[in-house]
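>>> sharing a model that was predicted from the sequence below.
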Amino acid sequence: LLAVVYVAWSGGFGPAVLTLVLSLAGVAYLYAVPAYTAPPPADPAAAADARTLSGLMATGFFLFAGVATALLGDAQRTSRRKAAAGLREVVAKQAELEAEIARRQQVEDALRDKAGELALAQKRTADTLALLDTFVNNTPVGLAFLDPDLNYLMVNQHLADADRLPIDAHLGRPLPDVLPDYPADALADVKAVAAGASRGTKREVTSVRAEDDSGPQAWELDVFPVRTADGTLLGVGMVAENVTARAKWERRLAASERRFRELAESLPQLVWTCRPDGDCDYLSRQWVEYTGAPEADQLGVSESVVH
């Protein structure tokens with residue numbers, strides 16, 4: 001029976017039954033045959049009946065015990081296989097779990113790195129915006145940015161002061177509503193740029209809500225499109241510079257030059273002027289008449305040539 005148990009545990013129910021049959025044959029050969037070959041008893045019939053009954057009982061018990069043992073061994077074998085399969089599954093699940101934990105750890109590390117990079121980028125962006133705001137709000141020229149519908153998205157303090165309106169009175173409102181007296185030609189330039197029909201213009205206008213006790217103010221307006229890297233139009237950029245002082249000096253210089261020419265051409269003498277490099281930049285009417293050469297041919301000619 002030990003052999004049946006071992007075979008059933010290692011090989012299964014079929015090999016165990018075969019082992020049982022072989023064991024039964026061995027028992028019959030070892031014990032039943034010698035019993036029939038022994039000396040005859042005093043009562044042969046009773047002895048034969050006793051041997052038959054005893055053999056049947058022994059055979060039946062052996063078969064029952066052998067089959068039970070085979071079933072028990074097969075059950076143990078099945079349990080062992082299930083336990084081994086379960087153990088392999090547990091090991092595989094554990095390996096998957098460890099791999100998932102390692103993957104999640106890598107993801108968490110990457111997320112922490114990205115979070116650190118994002119925080120650093122946000123700080124740099126905030127610093128850059130703060131620096132840009134400082135320059136924009138302290139620059140001595142007016143700056144503004146309008147969307148394609150001409151609504152103010154940004155305006156600096158210098159331009160707001162020139163318009164005599166707070167910054168909040170500009171934001172989100174269209175330019176014609178904020179400045180109803182905005183020059184028509186300058187407004188046409190802005191609309192052309194917003195429509196994508198112009199690459200930008202620069203012109204001088206007078207008094208865009210900037211008149212004071214000193215009289216009208218002259219402004220040089222530079223209007224240009226603002227686009228993304230792929231060329232999409234974001235809006236209109238505006239730079240406004242107060243050129244009142246420069247315009248006054250230009251007018252004074254023009255008046256001075258006019259008076260000089262009037263004086264020089266009223267004299268009977270020949271008058272000319274030259275730059276530091278020796279080239280002539282002015283010839284009086286008397287000089288042109290005296291030389292008989294066109295003024296254009298003599299301007300820019302060295303003083304030595306004139307002599």
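Structure received.

>>> burial count for residue 88?
Neighbour count for residue 88, taken as other C-beta atoms under 10 Å: 10. Every C-beta, even on glycine, is put in place using the N, C-alpha and C of the backbone.

>>> any idea how far residue 183 is from it?
87 Å (C-beta to C-beta, to the nearest Å).

>>> residue 200 now?
Separation of residue 200 from residue 183 (C-beta to C-beta): 17 Å.

>>> got the phi/psi numbers for residue 142?
The phi and psi values for residue 142, taken as degrees, to the nearest 10, are phi -80, psi 140.

>>> all helices of the stretch 151-300 of the chain, in order?
Remark: helices assigned in the stretch 151-300 of the chain by DSSP state H, counting those that start in this stretch are 157-163, 175-178, 184-194, 244-266, 285-291, 295-298.

>>> least reliable of those helices going by mean pLDDT?
In terms of average pLDDT, helix 295-298 trails the rest of those, at a mean of 78.

>>> C-alpha coordinates for that one, PDB please?
Extracted C-alpha coordinates of helix 295-298, given in PDB (Å, rounded to 0.1, in the frame of the first residue of the first chain):
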ATOM      1  CA  GLU A 295      24.000 123.800 -57.800                       C
ATOM      2  CA  ALA A 296      23.400 120.000 -57.700                       C
ATOM      3  CA  ASP A 297      26.700 119.400 -59.500                       C
ATOM      4  CA  GLN A 298      28.600 121.400 -56.900                       C
END
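
>>> residue 200 and residue 183: which is more packed in?
residue 183 (16 against 13).

>>> give me the local confidence score for that one.
Reported pLDDT for residue 183: 87.

>>> how are the strands of the chain distributed by residue range?
For the chain, the strands defined by DSSP state E cover 142-146, 152-155, 201-206, 218-227, 233-242, 272-274, 280-283.

>>> looking at the ones you listed, spot the one closest to residue 291.
Closest approach to residue 291 among the strands of the chain is made by strand 280-283 (8.3 Å; C-beta to C-beta).

>>> residues contacting residue 144?
Residues near residue 144 by C-beta atoms under 8 Å, 6 or more residues apart in numbering: 152, 154-156, 159, 170, 237-238, 240.

>>> check contacts around residue 92.
Applying C-beta under 8 Å, 6+ apart, no residues qualify as near residue 92.

>>> ok, it to residue 85 distance?
Distance, residue 92 to residue 85, by C-beta to C-beta: 10 Å.

>>> how far away is the nearest residue to residue 142 once chain neighbours are set aside from residue 178?
Nearest residue to residue 142 in three dimensions, chain neighbours excluded: residue 159, at 3.0 Å (C-beta to C-beta, 6 or more residues apart in numbering). For residue 159, the distance to residue 178 (C-beta to C-beta) stands at 11 Å.
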